[in-house]
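# Structure of the sequence below:
(one chain, ligands or ions: 1)
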Amino acid sequence: MQASFTEEKSLSLRRLGARAVSRYTQSLGAALLLCCSLLTAPVWAQSKPNIVILATGGTIAGAGATAANSATYQAAKVPVDKLIAGVPELKDVANVSGEQVFQIASESFTNAHLITLAKRVSALSKQPGVDGIVVTHGTDTLEETAFFLTLTVHTDKPIVVVGSMRPGTAMSADGMLNLYNAVSVAANPTAKGKGVLVTMNDQIFSARDVSKTINIVTNAFNSQWGALGMNVEGKAYWFRAPVKRHTMNSEFDIDKIDSLPDVDIVYAYGSVPPTAYEAFAKDKAIIQAGTGNGSVADRIVPVLQSLRAKGVQIIRAARVPEGFVLRNSEQPDDKYDWVVAHDHKAQKARILAMVALTKTNDSKELQRIFWEY
Ligand SMILES: NC(=O)C[C@H](N)C(=O)O
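Numbering: from 1, shown residues only. Reported below is the predicted structural model:
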């Protein structure tokens, strides 16, 4: 049956509309296809971040005689270019370059090493062509170096410190995946502004409160406050963020620090003698890793009061692995003009005290700094 004019007109309008809709759909589809192809372009086609690896030695650069030697090896043997060559997948996540700053086991780090490394990190972080920095480091003092960097390097670019518990020559060596995780995190924009990070055993820790707590397994690093997140197959999953001051929000700047004052640690125990404290009488500060809540033996109190009277700052930390030292609990800190280290273990308290003493020798200012960092 022939359709009437009106019907024909409406029919053609419908056809026009349908054609327009299908053309629009086709062009929309093409546009979407183009966007998707750009988004899923092969990794090499996307511009990748530039990450610099500063190598300092440690077990991650270690070598053992056989694959069974996971604990018997020599640290600080493998140069940075071989570390990078050993993980070809790094080029999938970043444009990587390497510098050999030192080649030492980290138990041999000194204050001079800390300053040299931090100044290099600071200089690199100021270069527009550098998007992130990875520091490979021995695990023994990794936490101290990472904390020093987070206190003194003014950048929001990701800085990630990484090590390994087994040499690359061992079965189930952990260094390669640790390095891949570290570069992935340093290349990840979501890692910006979180302070210096430590990646070990797939976890991402804050440099502030991570410590090596076990000395012969690959999950050697822990924080009593937990990891910030995890890195799995090159992707970071965050669950927490730091609340203490660091990097851009720090009042300390490595570009203005050329030396560090003497601060040493006394490890307290039943019958600890006064000589352990008097040995450091010329220091700017003595950290006591005290029993329990940072307690001080009654025979040691007058020794510390005498040292304080000579200008030595007394800082009470605890040898207990978890918890934090409360001011005036069991010890009259206000009366004796002592400082408490808050939740910092003695080795971290020493780093913070050295940095703080480059700016102040006032015990009330020191206490503020221990609350805030
Ligand atoms: N796993 C390690 O890296 C231990 C070594 N002693 C170091 O700190 O350099």
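
# how many other residues sit next to the residue in the chain that the ligand sits nearest to?
Closest to the ligand within the chain is residue 138: 1.9 Å, counting by C-beta to the nearest ligand atom. Any C-beta I mention is one placed from the backbone N, CA and C, and that applies to glycine too. Using other C-beta atoms under 10 Å, residue 138 is surrounded by 26 other residues.

# same question, residue 122
19.

# Quick check, it in contact with residue 159.
No: applying C-beta atoms under 8 Å as the test, residue 122 and residue 159 come out as separate, 9.8 Å apart.

# so what sits against both of those two?
Shared contacts of residue 122 and residue 159 (C-beta atoms under 8 Å, 6 or more residues apart in numbering): residue 153.

# Spell out which parts of the chain neighbour the ligand.
The chain comes close to the ligand at residues 58, 59, 75, 105, 106, 107, 138, 139, 140, 163, 165, as judged by C-beta under 6 Å from any ligand atom.

# try 5 Å this time
58, 59, 75, 105, 106, 138, 139, 140, 163 (C-beta under 5 Å from any ligand atom).

# ok, now which ones touch the closest residue in space to residue 202 that isn't next to it in sequence?
Using C-beta to C-beta, 6 or more residues apart in numbering and skipping the chain neighbours, the partner closest in space to residue 202 is residue 230 (5.5 Å). By C-beta under 8 Å, 6+ apart, residue 230 lies in contact with 202, 203, 204, 236, 237.

# same check, this time on residue 318
Contact partners of residue 318, counting by C-beta under 8 Å, 6+ apart, are 289, 290, 291, 292, 293, 294, 324, 325, 341, 345.

# Reformat these as TSV; add distance to residue 281, neighbour count and pLDDT.
Formatted as TSV, the contacts of residue 318 follow (distance: C-beta to C-beta, whole Å; neighbours: other C-beta atoms under 10 Å; pLDDT from 0 to 100):
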residue	distance to residue 281	neighbour count	pLDDT
289	18	21	98
290	18	26	97
291	22	17	97
292	25	13	96
293	25	16	95
294	20	30	97
324	28	15	96
325	23	27	97
341	20	25	98
345	24	23	98
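
# All the strands of the stretch 151-300 of the chain, in order from the start?
159-162, 197-200, 203-206, 211-212, 221-222, 229-232, 235-238, 263-267, 285-290 (DSSP state E, counting those that start in this stretch).

# out of those strands, nearest to residue 366?
strand 285-290 (7.9 Å; C-beta to C-beta).

# Send me the closest one as PDB with only the CA atoms.
Coordinates of each C-alpha in strand 285-290 appear next as PDB, following Å, rounded to 0.1, in the frame of the first residue of the first chain:
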ATOM      1  CA  ALA A 285      73.800  14.700  72.400                       C
ATOM      2  CA  ILE A 286      73.600  11.100  73.700                       C
ATOM      3  CA  ILE A 287      70.700   8.900  72.800                       C
ATOM      4  CA  GLN A 288      69.900   6.300  75.400                       C
ATOM      5  CA  ALA A 289      68.200   3.100  74.000                       C
ATOM      6  CA  GLY A 290      66.700   2.500  77.400                       C
END
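
# just how off-centre is it within its chain?
24 Å (C-alpha atoms, centre = their mean, to the nearest Å).

# which residues touch it?
By C-beta under 8 Å, 6+ apart, the surrounding residues in contact with strand 285-290 are 261, 263-268, 277, 280, 294, 296, 304, 307, 312-319, 325, 341, 345-346, 349-350, 353, 357, 366.

# quick one: average pLDDT of the lengthiest strand in the chain?
As assigned by DSSP state E, the longest strand anywhere in the chain is strand 95-104. What strand 95-104 shows for mean pLDDT is 98.

# 4 is where my numbering starts, stick with that
Noted, 4 is the first residue going forward, which turns the last one into strand 98-107.

# Buried residues, that strand. List them.
For strand 98-107, the neighbour count (16 or more other C-beta atoms under 10 Å) marks 99, 101, 103, 104, 105, 106, 107 as buried.

# For the residue nearest to residue 205, give the beta-bridge partners.
Judged by DSSP bridges, the bridge partners of residue 233 are residue 206, residue 240.

# wait, isn't residue 349 in contact with residue 271?
No: using C-beta under 8 Å, residue 349 makes no contact with residue 271, being 9.7 Å away.

# where do the contact lists of these two overlap?
When contacts are counted by C-beta under 8 Å, 6+ apart, the set common to residue 349 and residue 271 consists of 291, 292, 322.

# Out of those residues, which comes closest to residue 84?
residue 292 (39.7 Å).

# Spatially nearest residue to the closest one (excluding sequence neighbours)?
In space, and not counting its chain neighbours, residue 292 is closest to residue 349: 3.8 Å by C-beta to C-beta, 6+ apart.

# residues in contact with that neighbour?
Contacts of residue 349 by C-beta under 8 Å, 6+ apart are 268, 270, 290, 291, 292, 320, 322.

# Which PyMOL command selects the buried ones in these?
Selection of buried members from the contacts of residue 349 for PyMOL, criterion 16+ other C-beta under 10 Å:
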select buried, resi 268+290+291+292+320+322
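
# for the contacts of residue 349, which one is nearest residue 154?
Distance to residue 154 across those (C-beta to C-beta) is lowest for residue 290, with 15.7 Å.

# is that closest one in a bridge, and if so with what?
For residue 290, the beta-bridge partners are residue 268, residue 318 (DSSP bridges).

# Roughly how far does it sit from residue 60?
26 Å (C-beta to C-beta, to the nearest Å).

# and what of residue 359?
Using C-beta to C-beta, residue 359 is found at 28 Å from residue 60.

# I am finished for the moment; much appreciated.
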